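Participant: Just a sequence and a predicted model for now, questions to come.
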Amino acid sequence: MRTRRDQQSLSYPLRLPDSIQADALRLLDVSREVINLTVTALWGRLDEFATRTNSYAYKQVEEMIPPPLVHGHRQWRCEAEQAGRILRGQAERKQHFALILPLLTQGMIQPGTETKRAGKDRKAIKQAVADLQEANSDGGTAVEFQSLIEQACNFYLHTGCFPQTYEEMQPVAVLKAGILPYAGDDGPQMGQTYRMSYDVDQKTLTLALRTPDDQGAWARTWREKTCQMRLPDVVVERVQAGEMLAPNLREIVEADGARYAVLDFIVEVPVERASPFEEIQTVLGFDWGVRVLVTAGVVDLDGNQIGRPFFLDTGPFDGRQARLRRQIDQLKAKVARLKTQLDRFPGGDPRRKPSEEVLPILRREISRCWRKYEARNNDLAHLAANILLVLATAFDCKLIAGESLKSMKSAGRGRGARGRWRNWRNNSQVRGELWRVLRYTCFLMGMRLEWQQPRHTSHVCPRCGSPANTYSSPDHHDKINDWGAWLCCSNPACLWNGSRDYAASLNIARLGAALIRHTQRTSRVKHPSITDPSVQPVSYIGTRAALRLPPLVPRGHLIASGRIYCNGWRLSVKLRSSYATPIMLRFCG
Ligand SMILES: [Zn+2]
C-alpha cells in the first residue's frame, strides 16, 4: 500500500477467470525467470539502488543492464520495474542494517539459546531501536529493525559470528511466487502487454493479457482474447471516488502447492485528514468479550456517558465455526488412522495403495476447511470493524479507543469445539484482522484510532473509579469470580453493577477521553492507565442518547430488527442494544 500525504492506494485482488488461468500462470513463470535473473545480475550493485535516479524503478534498471531474455520491450519494462522495486527495498534494508551493525558488534545483542530468547538487555535494545528511528525518521519502522536484528541473530546461531555485511546474511532476494506490475507499460488503453477497461454500471472489468502460449510463442492477436470479471461493490465505490492505477498480475501459491493468478486492481483514493485533537469531543470505546465479540460505549470529554452500550453478539456464527472446526478434527483423525494403516506395510507393497489414494484427498479437504474457516473469521472482523465505524460516525466520535493487542488476555473458555473456537477467535485472527481493518478505514475516514492499556479495565467501576469485583452472574454475589461476566462496584456509596464487558468498554472510552484531554493540554500523546488520576469517572445522561445515524440506504445489505446482514456473505450477527428502532446500515469492506 503506497501512501502519499492525502492519497492512498488500495489494492483489491481479483481472481482471474479459469479460462485464462493457465495463460496467466505461464506468463508469471516467464516473468519471474527474467526478474530473478535481473536481480541476481544486479545484486552486487545493490548500493546504487539506495539513490533513486527516477520515480520508476524500471528506468533505473534499464540504464544498468539489457534484458537477460527478450519477450518484447514493454514486457521487459514491467519485469525491470519489479526487479527494481525488489532491489530498492533491499538497498533500504541494507542501509538499516548499517545502523544496527554497531549494536551487534558492541555485544548489546546476545544470541538466544534454546531456553532463553535472543537479546541480552531488552531495555537497551528498545532504546537503541527508538534512537535509530529518531535518527532515521524518513523510513524504517521498529518492526523492520527488529526483523533485521532477528535475522542477524539467526545468522549468529548458524555460524557463531555476526555478519559483517548485509549481503553476508541476506541471500539474493529472488521471487518465489510470480508478480508482474503493469506500471512499466503505457496504461490500460495503450498498453502493449495488457488492456483493461471497466463498466461501473454493469460492475464488470474487461481484461486482455499478452501471454505466451504453451509452446512459448507470444501471439499478436492477444488483444482480441478478452475476458470479463465481476467487480465487487466495494471496488466500484472506490473507483468512483478515486483513480485507477496500473494493476499487478500476481500468483498465489497455497499450502498444498495449488496455485492461481489474481489481478491486483489498484485504486488511488483521497484520504481525509485526521481530526485535530482540539476538535474531538466524544470517544467510542470498545472491548473484546467472551460471550459477545465486541461491546462498545461512548463517552464525552466531560465525563458523560452518551447513549446505551452496544453488544455485538455472534451466536449463530460461533455455532457454524464450531461445526467446521469439528469437521476439521474428524478429518485429521481420519488422516492419522490412514497413516498408521500405511505404515504397517513396507514401501511398494500393493496394500499401501488404498490409503495412498485417499490421503491427498483428505488433506485437500482439510486445507479447504481451514480456508473457509479463515475466510469467515476475516468476514466477521470486517463486519465488526464496520459496525464500530458506523457507531462512531453516528455518535460523532472522532476517536475510537480499543484495548492494546499486545496484551491479549486469554478469556475464552468452554468445552468442545465451540469453546475452542471462541478461545481462538478471541485471541488471534479476528482481533488482529479487526484492528487492521479499523486502522486503515479510520485512516481513510480521517478518524483516529488509539490503543489503550487494558490492565484492570474489567475490574474498575466506570462510574466512580473504585476497584470492582466480578461474579458469575447478578445472582451469585457471594462468590468472587475473576472471569465472571458481572461486575459490581465495591464502593458502598456507588454499588454500580452491570456487564463486565460493558464496564470495560466504558473504561476504555474513559482512557481515550483522558488521552484527548491530555493531548489538548500538552500537545503530546500519552496512553494513561486506568488508575491514573487523569482518568475521569463517567455519569450517564440518558437524554443525550439520541442516535444520529446516517441516512437509510436500501441496497440489500442490511439490518432488520437489529440483525445485521453483511452483503454477499451468508453471515449474520446480532447487534443488541436497548434502542427500539431497527437500524438500517450499509456496509462496505
Ligand atoms: Zn462505583
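Facilitator: Nice, thanks for sending it over.
Participant: Give the buried residues for stretch 491-506.
Facilitator: 494, 496-506 (16 or more other Cβ atoms under 10 Å). C-beta here means a position set from N, CA and C on the backbone, and glycine is covered the same way.
Participant: Sorry, slip of the keys, the one I care about is stretch 361-373.
Facilitator: So for stretch 361-373, counting by 16+ other Cβ under 10 Å, buried means 366-367, 369, 373.
Participant: cool, and stretch 238-257?
Facilitator: Per 16+ other Cβ under 10 Å, stretch 238-257 contains these buried residues: 238-239, 242, 244-251.
Participant: Nearest to I149 among those?
Facilitator: Nearest to I149 among these, counting by Cβ to Cβ, is R250 at 29.7 Å.
Participant: Quick check: the spatially closest residue to the closest one that is not a sequence neighbour vs V172, distance?
Facilitator: Of all residues not flanking R250 in the chain, I179 sits nearest, at 4.7 Å (Cβ to Cβ, 6 or more residues apart in numbering). Applying Cβ to Cβ, to the nearest Å, the value for I179 to V172 is 17 Å.
Participant: do the same with A336
Facilitator: In terms of Cβ to Cβ, A336 sits 40 Å off from V172.
Participant: give me phi/psi at D482?
Facilitator: phi -60, psi -20 (degrees, to the nearest 10).
Participant: what about I306, which helix or strand?
Facilitator: strand 304-313 (DSSP states H and E).
Participant: And the buried residues of stretch 238-257, which two are furthest apart?
Facilitator: Between any two of the buried residues of stretch 238-257, the greatest separation by Cβ to Cβ is 26.2 Å, found for G242 and E251.
Participant: near the ion, which residues of this protein?
Facilitator: Proximity of the chain to the ion, by Cβ under 5 Å from the ion, involves residues 461, 463-464, 466, 489, 491, 494, 496.
Participant: need those residues in a markdown table with pLDDT and secondary structure, can you?
Facilitator: Output for the residues of the chain next to the ion, formatted as a markdown table (pLDDT from 0 to 100; DSSP: H, G, I helix; E, B strand; the rest coil):
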| residue | pLDDT | secondary structure |
| --- | --- | --- |
| C461 | 93 | coil |
| R463 | 90 | coil |
| C464 | 90 | coil |
| S466 | 91 | coil |
| C489 | 90 | strand |
| N491 | 90 | coil |
| C494 | 88 | coil |
| W496 | 88 | coil |
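Participant: Just put those in TSV and tack on distance to V70.
Facilitator: Putting those into TSV (distance: Cβ to Cβ, whole Å) gives the following:
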residue	distance to V70
C461	73
R463	74
C464	76
S466	76
C489	76
N491	80
C494	79
W496	76
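Participant: before we move on, what SS does Q240 have?
Facilitator: Look at Q240: counting by DSSP: H, G, I helix; E, B strand; the rest coil, its state is helix.
Participant: wait, it sits on V200?
Facilitator: Yes. Here Q240 reaches V200: they are 6.4 Å apart, a contact under Cβ atoms under 8 Å.
Participant: the bottom helix or strand of the chain by mean pLDDT?
Facilitator: For the chain, counting by mean pLDDT, DSSP states H and E, strand 559-560 ranks last in confidence among helices and strands (a mean of 36).
Participant: Give the residue spans of this protein that score low on pLDDT.
Facilitator: Across the chain, the ranges flagged by pLDDT under 70 are 1-6, 104-144, 146, 150, 157, 255, 290-291, 315-316, 405-428, 541-589.
Participant: mind listing the helices for it?
Facilitator: 18-42, 57-64, 73-105, 122-135, 142-159, 166-169, 233-241, 315-343, 353-394, 416-427, 429-445, 500-522 (DSSP state H).
Participant: Can you say which of those helices is packed in most?
Facilitator: helix 500-522 (a mean of 25; mean count of other Cβ atoms under 10 Å).
Participant: which helices and strands does that helix pack with?
Facilitator: strand 282-288, strand 294-300, strand 304-313, strand 399-403, strand 448-452, strand 486-489 (3 or more Cβ pairs under 8 Å, 6 or more residues apart in numbering; DSSP states H and E).
Participant: Can I get those in a markdown table including mean neighbour count and distance to L511?
Facilitator: Listed next are the helices and strands packed on helix 500-522 as a markdown table, based on neighbours: other Cβ atoms under 10 Å; distance: least, Cβ to Cβ, whole Å:
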| stretch | mean neighbour count | distance to L511 |
| --- | --- | --- |
| strand 282-288 | 28 | 7 |
| strand 294-300 | 27 | 10 |
| strand 304-313 | 21 | 14 |
| strand 399-403 | 27 | 6 |
| strand 448-452 | 22 | 4 |
| strand 486-489 | 22 | 17 |
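Participant: among these, which is nearest I480?
Facilitator: Closest approach to I480 among the helices and strands packed on helix 500-522 is made by strand 486-489 (9.4 Å; Cβ to Cβ).
Participant: quick one: strands adjacent to the closest one?
Facilitator: Paired with strand 486-489 in the same sheet, following DSSP bridges, are strand 468-471 (antiparallel), strand 497-499 (antiparallel).
Participant: ok, residues contacting that strand?
Facilitator: Around strand 486-489, the neighbours that count as contacts under Cβ atoms under 8 Å, 6 or more residues apart in numbering are 458-459, 461, 463-464, 466, 468-474, 476-477, 495-500, 503.
Participant: Could you pull up the contacting residues of I480?
Facilitator: 469-471.
Participant: quick one: which of these has the most company?
Facilitator: The residue in the contacts of I480 with the most neighbours, by other Cβ atoms under 10 Å, is Y471 (20 neighbours).
Participant: Which stretches in the stretch 151-300 of the chain count as strands?
Facilitator: Here the stretch 151-300 of the chain has its strands, by DSSP state E, counting those that start in this stretch, at 179-181, 194-199, 204-209, 227-230, 243-244, 248-253, 259-270, 282-288, 294-300.
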